[in-house]
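Novice: Quick one: sequence and predicted model below, then my questions.
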4 protein chains.
Amino acid sequence: MSKADKTKELIIERTAEIFNTKGFSGTSLNDMTSVTGLTKGSIYGNFKNKDEVAMEAFKFNLQIMNHLFSAEMAKKTSFRDKLLVYTDVLSNFSERKFPRGGCPILNTAVESDDTHPLLKQRAQKALLAWKDKIADILENGMETGEFKSGLNTEQVAISILASLEGAIMIRKLTDNQKYIQFAMKSLQDYIHQL
Amino acid sequence: MSKADKTKELIIERTAEIFNTKGFSGTSLNDMTSVTGLTKGSIYGNFKNKDEVAMEAFKFNLQIMNHLFSAEMAKKTSFRDKLLVYTDVLSNFSERKFPRGGCPILNTAVESDDTHPLLKQRAQKALLAWKDKIADILENGMETGEFKSGLNTEQVAISILASLEGAIMIRKLTDNQKYIQFAMKSLQDYIHQL
Amino acid sequence: MSKADKTKELIIERTAEIFNTKGFSGTSLNDMTSVTGLTKGSIYGNFKNKDEVAMEAFKFNLQIMNHLFSAEMAKKTSFRDKLLVYTDVLSNFSERKFPRGGCPILNTAVESDDTHPLLKQRAQKALLAWKDKIADILENGMETGEFKSGLNTEQVAISILASLEGAIMIRKLTDNQKYIQFAMKSLQDYIHQL
Amino acid sequence: MSKADKTKELIIERTAEIFNTKGFSGTSLNDMTSVTGLTKGSIYGNFKNKDEVAMEAFKFNLQIMNHLFSAEMAKKTSFRDKLLVYTDVLSNFSERKFPRGGCPILNTAVESDDTHPLLKQRAQKALLAWKDKIADILENGMETGEFKSGLNTEQVAISILASLEGAIMIRKLTDNQKYIQFAMKSLQDYIHQL
DNA sequence: AATGAATGAGCATTCATTCAT
DNA sequence: GATGAATGAATGCTCATTCAT
């Protein structure tokens, strides 16, 4: 990895948390220099502009979240258990594992309504990919007979996703882990009954 | 109503949409003057600062949403039907009725993580009030025997809330009404089975 | 006295202290309304502008100071004792008697260097009148034989004045009454030897 | 000297005169940019805020004044002659040598009553240092027998200081060099008789 | 590849002043 | 004679971005 690449990575890693916490407009170039220890010039030497850094930071945060789920899923054999990973992880939501600031897709969705179309587009893509991932699990589970046949996988996937994201939002707003657990318990029941 | 009160209302009404669309930091005083046709001085003559306008705008948006739900609920007699108002309204979500920019609680929750504690607090209060409202309906429905007895009303309320908010977020991100309808269909099933 | 005159007087009395404490630019119309309990419109109904109020406030503060000296002087019979009133009053300088903020001439002199020519001119006039007053006392004392004959009264007057004003400034800066007393003791010696 | 240091110096040198003439509140950022030829951003890149520039400008003006006195004193051998430097310099007061706007201590003392405590504190320190400087000269002169023994050096120092500052104020207000010379003549007599 | 220094547009806020009522 | 409401210019300050070195 070249020096430039290393610097790029450093910038992404270090700024990812602020972007996910303070949002795009809430994060200033000064925030970015103080958290990286670099100068503005250096950041602009490695990225076209703030938008580009934000984009990479989003991807980085997304990856952390996705890896967290994937790693847990790999340990499970049944498709139902794979699905239950989502509720397990969020029930035991701990800031050390989950990206600080919560789900980057949720955060980006809300802030970048009109203002940052590229970022919104990326978040959109990520959400749909997530939906497809869940639908895939459902599909596979239907094939093995774990799940009832004839499920509208897209509908179920979106419903699960909505519960997950809504629960994350509630936790973010209330700072109360209890609520996320309530929502996850209901979601577990729902998954069990599929 | 005094002239000042009229101006205040004008400012709130006109800025409410921008705040709910662009967020607090994304909305500038210049945005506010151009949408109201007033000068900065006039805005500051009627409000202490931008925060205060944002707060009132939040309350205004919240009221629109709440009134929308309440009006529909008033038409229903059974408690189950009252609950189904949420899914109905969101399924037929149309920008003219629902506040532009989506749910103000969701939007505020995500942006005001640390930066605007008073706003966050207000949103928190609104969310918990909503939760209590749903729990009340459940309670009443349990008393009349419409719902199964022994429900953990708070848990159910939070689960419904999470689905609603998650669905709103997904719609906001994808601009696709189909998804919100998927989530609402599942939520209807859930409510029917209570 | 008409109602307008009463209001005018109220404004002058109440704002005099702020002007003498915070200075002309340091005193805002808002300061003036909050200290008078009146509205901006009312102030502008009674005065052409802020400058005019400041001018009257200056005169008011000046009068307080002058009256304080005059009252004490009236009690003295010898001209030397009349002169010593200045040192006595300043040695026992107490905020209740002396205008809060110190000598209005000094304050105006320093702030209105270029910015407020009319005010500066007024302060100039007041200073020269003070000088003439002292010179008069000296003249009279020379006639009665209390003072040495042949004094350059203007020179002596200015020297006394410089000591007084310098002492007031030092007190204002240090908040230490000790220093004003030091300077006044020397000035007493000087006056005694005239 | 780095470029930043050069710019800093430029800002200080160029703004020092305005601050000493118009005062702190009277000097705007726009004044500062137009006199330096720099942009606001550049000023804020080199100083934390306006207060910091004002502080440095005060120090700069103070230094000019102090250097002026020190340079003249260095030419004198007797302590009495050293003291007489103050009266000499002020008698021949010429704007080219003395900071435009007069004594920065006087100016700061009067404006910064409450509003700018740090600046006031600095001016206080400068005044007391000046007092100690004069007291030192007196002390030394007493040791060599130039001055009468048993002088209360602090009292004499303050008295001299008051005369100097008062005279500067009178000159500032009247724009008449004659008056400062009057006051200085009396002060010379006083010093000669010590 | 990175820095230091600057830019200029934009920010939220306060100012003295005006004027219809 | 006084108020309430507005104006528009100015305030101090921060922003993302650029570029010579």
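Specialist: Looks like it arrived, so ask away.
Novice: Three-state assignment for the nearest residue to A:K22 once chain neighbours are set aside, please.
Specialist: The shortest distance from A:K22 to any non-neighbouring residue, by CB to CB, 6 or more residues apart in numbering or on different chains, is to B:T115 (6.6 Å). Glycine gets a C-beta too; all of them are placed from N, C-alpha and C. Following DSSP: H, G, I helix; E, B strand; the rest coil, B:T115 is assigned to coil.
Novice: isn't B:T115 right up against A:S25?
Specialist: No. Contact criterion CB atoms under 8 Å: B:T115 and A:S25 do not qualify, at 10.0 Å.
Novice: and the residue lying closest to A:T36 once chain neighbours are set aside, what element?
Specialist: Once flanking residues are discounted, A:T36 sits nearest to A:R14: 4.7 Å by CB to CB, 6+ apart. If you go by DSSP states H and E, A:R14 is part of helix A:3-22.
Novice: Enumerate the positions of that helix that are buried.
Specialist: By neighbour count on 16 or more other CB atoms under 10 Å in any protein chain shown, the buried set for helix A:3-22 is A:7-8, A:11-12, A:14-22.
Novice: Quick check: next helix or strand after it?
Specialist: Sequence order places helix A:29-36 as the next helix or strand after helix A:3-22, per DSSP H and E.
Novice: and that next one, what other elements does it pack with?
Specialist: Contacts defined by 3 or more CB pairs under 8 Å, 6 or more residues apart in numbering or on different chains; DSSP states H and E place helix A:29-36 against helix A:3-22, helix A:40-46, helix A:50-74.
Novice: And these: which comes nearest D:T77?
Specialist: Nearest of the helices and strands packed on helix A:29-36 to D:T77, taken as CB to CB: helix A:40-46 at 57.2 Å.
Novice: The closest one vs chain D: in contact?
Specialist: No. Counting by CB under 8 Å from any CB of the partner chain, chain D has no neighbours in helix A:40-46; the shortest distance is 11.1 Å.
Novice: one step back: where among the helices and strands packed on helix A:29-36 is the average confidence lowest?
Specialist: Note on these: lowest mean pLDDT is at helix A:3-22, with a mean of 91.
Novice: Only alpha carbons, please: show that helix as CSV.
Specialist: Presented in CSV, the C-alpha positions along helix A:3-22 are these (Å, rounded to 0.1, in the frame of the first residue of the first chain):
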residue,chain,number,x,y,z
LYS,A,3,1.8,6.2,1.4
ALA,A,4,-1.0,8.1,-0.2
ASP,A,5,-3.3,5.1,0.3
LYS,A,6,-2.3,4.8,3.9
THR,A,7,-3.1,8.5,4.5
LYS,A,8,-6.4,8.0,2.7
GLU,A,9,-7.3,5.2,4.9
LEU,A,10,-6.2,7.1,8.0
ILE,A,11,-8.5,9.9,7.0
ILE,A,12,-11.4,7.6,6.4
GLU,A,13,-11.0,5.6,9.6
ARG,A,14,-10.6,8.7,11.8
THR,A,15,-13.4,10.8,10.3
ALA,A,16,-15.9,8.0,9.9
GLU,A,17,-17.1,8.3,13.5
ILE,A,18,-17.6,12.1,13.4
PHE,A,19,-19.6,11.9,10.2
ASN,A,20,-21.8,9.2,11.7
THR,A,21,-22.3,11.2,14.8
LYS,A,22,-22.5,14.8,13.8
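Novice: That one vs helix A:50-74, what angle?
Specialist: 80 degrees (axes from the mean of the first three to the mean of the last three CA atoms, to 10 degrees).
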